[in-house]
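Chemist: Fold the following, please.
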Amino acid sequence: MNRLDAIRDMRTTCNEISNGITRLHPCVPALADPPTQTGIIKALFELTKQVEVVKKHLIRLEKGDGSTLL
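Modeler: Have a look, this model is predicted:
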């Protein structure tokens, strides 16, 4: 596997993860337990943030930007 294949595969997986997280959101109210709902929403937000960090790293690598700023 070369770099471009790895980037493509990682981007595809990140999109799948993002879609999975998005599908979880409508399920949260049905739990009917506010503390649990709050914890899950916070966790889903953190997951989303981390997936976006991976995507940004991939974009930077693909563009060949050596910058450490995201």
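
Chemist: sec struct for the residue nearest to the spatial centre of the chain, please.
Modeler: What sits nearest the mean C-alpha location of the chain, by Cα atoms, centre = their mean, is residue 51, with 2.4 Å. At residue 51 the chain is in helix, as set by DSSP: H, G, I helix; E, B strand; the rest coil.

Chemist: Could you check how far it is from residue 15?
Modeler: Distance, residue 51 to residue 15, by Cβ to Cβ, to the nearest Å: 9 Å. No exception for glycine: its C-beta is placed from N, CA and C like everyone else's.

Chemist: one step back: got a list of what the residue nearest to the centre of the chain touches?
Modeler: 14, 17-18, 21 (Cβ atoms under 8 Å, 6 or more residues apart in numbering).

Chemist: hmm, 10 Å instead?
Modeler: 13-18, 20-21 (Cβ atoms under 10 Å, 6 or more residues apart in numbering).

Chemist: Out of those residues, grab the one that's most surrounded.
Modeler: Within the contacts of residue 51, residue 14 tops the neighbour count with 17 neighbours, counted by other Cβ atoms under 10 Å.
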